[in-house]
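K.L.:
take this sequence and fold it.
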Amino acid sequence: MTGTLAACRVTVLASGSAGNAILVESNGDRLLVDAGLSPDAVERALAPAGVRLVDLSAILLTHEHEDHARGAGAISRAAAVPVYGNPATLEAAGAALAGAVVRAFETRRPFEIGRTHIAAFPVPHDAAEPVGFTIETAGRRITIATDLGSTDASLDAHLAAADLVVLESNYDLGLLCVSRYPWFLKNRIMSGRGHLSNDDAARALARTAGRRRAVCLAHLSEANNLTSLARDTVRAALDRAGGAADAVLAVPPNGRRGPIAVG
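P.N.:
Down below sits the predicted model:
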């Protein structure tokens with residue numbers, strides 16, 4: 001599923017604690033899921049895709065943490081790009097969105113931007129009202145969930161129906177336990193409102209295996225994970241479950257990946 005532009009393409013511009021941003025392009029719509037980088041950094045990341053800030057149709061915020069929302073207000077002010085978030089996220093972002101073009105959506109109530117259909121669903125994370133997104137465009141479905149401490153049946157439905165899943169695979173439990181992180185931080189990461197481990201991601205994807213889909217693992221920890229370890233853990237679980245996948249990709253910590261053609 002990687003390669004030339006198909007009906008839809010997804011580019012992970014940045015993924016990790018230093019900042020997160022994902023570009024979804026289809027039918028003339030260009031959506032930026034999160035903007036955890038400065039406007040200059042986002043513009044540089046967009047350049048290989050031939051996209052400028054002013055070409056963006058919208059910014060979709062999963063939650064207000066800086067590594068996901070840092071550049072949203074400034075990009076909106078500079079390029080008149082609307083920022084979409086649920087009311088709790090927009091309020092929590094506060095002054096960072098002052099002067100921005102803001103649009104509120106309701107979690108669990110689908111909405112449209114251009115010809116793209118979007119459903120925001122709740123995820124467990126230590127933010128005001130964090131969400132993941134399922135984006136339907138050009139007959140394809142992309143599910144993005146990159147900051148969450150656990151999975152349940154409500155997420156399973158989104159994972160099972162997707163043509164492309166971008167899912168957090170933040171840490172390896174063994175590496176986290178022996179890392180130099182203080183225990184209060186380790187406990188926060190491992191909590192049900194923290195982040196997904198490789199094993200958590202693998203179980204969720206194996207549980208929802210069936211139809212062919214591509215998988216892209218994201219938000220890997222630089223200190224507590226390895227790209228090959230995350231990928232191999234998920235691939236092995238899918239193989240045991242008999243899951244059909246066109247590809248299992250992993251974005252290096254604080255790296256990028258794409259474009260991924262969906263279609």
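
K.L.:
would you mind finding the longest helix in the chain?
P.N.:
The longest helix of the chain (DSSP state H) is helix 227-241.

K.L.:
show the average pLDDT along it.
P.N.:
If you average the pLDDT over helix 227-241, you get 95.

K.L.:
that helix - contacts with which helices or strands?
P.N.:
Packing partners of helix 227-241 (3 or more C-beta pairs under 8 Å, 6 or more residues apart in numbering; DSSP states H and E): helix 198-207, strand 213-218, strand 245-250. All C-beta atoms are positioned from the backbone trio N, CA, C, and that covers glycine.

K.L.:
let's have these in JSON lines, adding distance to Ala153, mean neighbour count and mean pLDDT.
P.N.:
Shown next, in JSON lines, are the helices and strands packed on helix 227-241 (distance: least, C-beta to C-beta, whole Å; neighbours: other C-beta atoms under 10 Å; pLDDT from 0 to 100):
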{"stretch": "helix 198-207", "distance to Ala153": "9", "mean neighbour count": "22", "mean pLDDT": "97"}
{"stretch": "strand 213-218", "distance to Ala153": "18", "mean neighbour count": "26", "mean pLDDT": "96"}
{"stretch": "strand 245-250", "distance to Ala153": "21", "mean neighbour count": "20", "mean pLDDT": "85"}
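
K.L.:
quick one: closest of the ones you listed to Val54.
P.N.:
Of all the helices and strands packed on helix 227-241, it is strand 213-218 that lies closest to Val54, at 26.3 Å by C-beta to C-beta.

K.L.:
shaky segments in the protein?
P.N.:
Within the chain, the stretches with pLDDT under 70 are 1-6, 243-246.

K.L.:
for Val51, which of the helices and strands packed on helix 227-241 is the nearest?
P.N.:
Of all those, strand 213-218 comes closest under C-beta to C-beta, at 19.0 Å.
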